[in-house]
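Colleague: Predicted model, plus sequence, below.
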Amino acid sequence: MIRAARILDGRGHEVRQAGVVVDDSKIVRIDPHPKRADIDLGDRTLMPGGIDTHVHIGWHFDKNGRSNDDGTGETPEEYALFAAENAAATVRGGVTTVQSLGAAIDKTIREFSERNSLPMPRILTSVEQVTDSKLTPDQLREAVRRIKSEGADVVKIFASQSIRSGGGPTMSQEQMDAACGEAKKLGLRVAVHAHGPESVRRSVLAGCTSIEHGALLDQATLDFIAEHGTFFDPNIDLVFRNYFENKAHFIGIGNYTDEGFAQMQKAVPKALNVFQMGLETKGLKMVFGTDAVAGSHGRNFEELIYRVQKGGQDPMQAIISATSLAAESLGLGDRIGSIAPGYEADLIALDGDPLRDITALERVAFVMKGGRVVRFIPSAR
């Protein structure tokens, strides 16, 4: 039994002075009148572990302090340990499930996460990214089949340029239809990197699962996403702020140029505006994702705090977006993201009440993943 002053179930409900019964790795029930507690969290808030639908778990600053997303110049052992270090920081920060989009190292981290013996979040991965806009529809279908054979949980497709390069569309409707159609046939979800209206419309028409970023969208396109039931994962703060704070670690690598950073600076207010329009868009399913790269692992909830403080999102809705709604977008809505009977015992506790002070998300005092305690700071008496 885990008792707390308040419990948020991830679906929009709050229960006061209650407990959660856990058996092995599963939640049994919420007990409204607990008579005893194995873990007493005192005046804390217990809620489902956070679910970040967009990270890059292996991306790190290497021994030379440079951004490294593929282990170049490192031994496989070093690369794996950097990824594990990121995973540990993430779960200790209160995020118990991530979707990593994606690199082959994710498979190694996923395997060790499934053992549930090291401090790591649950991992879903795309294994690689489909970026080549010159691939024919048949070649894209073959790429999707290969990704499936490599054990991917999801397909990641670039349908537009990076925001640093302007964010214009790169894939045709025929290409998107081929890739997303093949993925659907194989039972795979598709997460699409897309910034502007045209690339997003093509992706939605092709039947993709989620739109990632969308920093250049207009109201008509947000309505279009909502009408089709596609999930929208806007990454509006942490990814930008982390780049600016750590510019010296990125500058000079690929399109991380002064012009590229200038484009990101211009995108910040645009992304915020899109998010605020999204809050007013009827039926739009906006989930929590950060695009966490080197420097931002473990800081995931800073994005959610920004969405509430700067974006104006209701705190309860923000929490839902990072729990039950995020789980639904990953096809795991019946397993994680809620405190309910039969669900995985992925639980976190916060010092404070995030419904009244969203910065409580920065004060994670307890983490349980799959019934195993990862972090516990006893309450002050």
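Modeller: Received, thanks.
Colleague: Quick one: the helices in the stretch 101-250 of the chain, in order.
Modeller: Under the criterion DSSP state H, counting those that start in this stretch, the stretch 101-250 of the chain contains helices at 105-115, 137-149, 173-185, 197-205, 219-227, 238-245, 247-250.
Colleague: what's the closest of these to residue 374?
Modeller: Across the helices of the stretch 101-250 of the chain, residue 374 has its closest neighbour in helix 105-115 (11.4 Å, Cβ to Cβ). Yep, even glycine has a C-beta here, placed from its N, CA and C like the rest.
Colleague: Quick check: which ranges of this structure have low pLDDT?
Modeller: 380-381 (pLDDT under 70).
Colleague: Residue for residue, what is the longest strand it has?
Modeller: strand 14-23 (DSSP state E).
Colleague: Okay, now the sheet partners of that strand, with direction.
Modeller: strand 2-8 (antiparallel), strand 26-31 (antiparallel) (DSSP bridges).
Colleague: Which among those is found nearest to residue 291?
Modeller: Of these, nearest to residue 291 by Cβ to Cβ is strand 2-8, at 25.2 Å.
Colleague: Identify the residues contacting the residue nearest to residue 152 when sequence neighbours are not counted.
Modeller: Leaving aside its sequence neighbours, residue 152 sits nearest to residue 127 (Cβ to Cβ, 6 or more residues apart in numbering; 4.3 Å). Counting by Cβ atoms under 8 Å, 6 or more residues apart in numbering, residue 127 touches 102, 103, 104, 106, 107, 147, 150, 151, 152.
Colleague: and the first one, what is it in contact with?
Modeller: Residues touching residue 102, when contacts are defined by Cβ under 8 Å, 6+ apart, comprise 56, 125, 126, 127, 128, 129, 152, 154, 156.
Colleague: got the phi/psi numbers for it?
Modeller: Backbone torsions for residue 102, taken as degrees, to the nearest 10, come to phi -170, psi 150.
Colleague: all numbers from here: first residue = 14
Modeller: All set: I'll call the first residue 14, so the last point we hit is now residue 115.
Colleague: Run through the residues that contact the closest residue to it other than its chain neighbours.
Modeller: Excluding the flanking residues, the one nearest residue 115 by Cβ to Cβ, 6+ apart is residue 139, at 3.1 Å. Residues near residue 139 by Cβ under 8 Å, 6+ apart: 112, 113, 114, 115, 119, 160, 165, 166, 167, 168, 169, 204.
Colleague: measure residue 139 to residue 379 for me?
Modeller: Distance, residue 139 to residue 379, by Cβ to Cβ, to the nearest Å: 31 Å.
Colleague: Go through the strands paired with strand 27-36 and pick out the most buried.
Modeller: When you average the neighbours per residue for each of the strands paired with strand 27-36 (mean count of other Cβ atoms under 10 Å), strand 15-21 leads with a mean of 23.
Colleague: Report the distance from that one to the chain centre.
Modeller: 25 Å (Cα atoms, centre = their mean, to the nearest Å).
Colleague: Likewise for stretch 308-324?
Modeller: When C-alpha coordinates are averaged (Cα atoms, centre = their mean), stretch 308-324 and its chain have centres 11 Å apart.
Colleague: Flag every buried residue along that stretch.
Modeller: 308-321, 324 (16 or more other Cβ atoms under 10 Å).
Colleague: Show me the strands in the stretch 64-213 of the chain, by range?
Modeller: Along the stretch 64-213 of the chain, the segments classed as strands by DSSP state E, counting those that start in this stretch run 73-74, 80-81, 108-113, 135-138, 167-171, 202-207.
Colleague: same deal with the stretch 264-394 of the chain?
Modeller: Listed in chain order, the strands of the stretch 264-394 of the chain (DSSP E, counting those that start in this stretch) span 298-299, 360-364, 377-382, 385-389.
Colleague: Remind me what the second one packs against, helices and strands.
Modeller: Packing contacts for strand 360-364, counted by 3 or more Cβ pairs under 8 Å, 6 or more residues apart in numbering; DSSP states H and E, involve strand 57-61, strand 377-382.
Colleague: Buried ones in stretch 179-196, by neighbour count?
Modeller: Within stretch 179-196, the residues that qualify as buried by neighbour count (16+ other Cβ under 10 Å) are 180, 182-184, 188-196.
Colleague: Could you tell me how far it lies from the centre of the chain?
Modeller: Chain-centre distance of stretch 179-196: 22 Å, with Cα atoms, centre = their mean.
Colleague: between the helix ranked longest in the chain and helix 232-240, how big is the angle?
Modeller: Criterion DSSP state H: the longest helix present in the chain is helix 271-292. Interaxial angle, helix 271-292 versus helix 232-240 (axes from the mean of the first three to the mean of the last three Cα atoms, to 10 degrees): 60 degrees.
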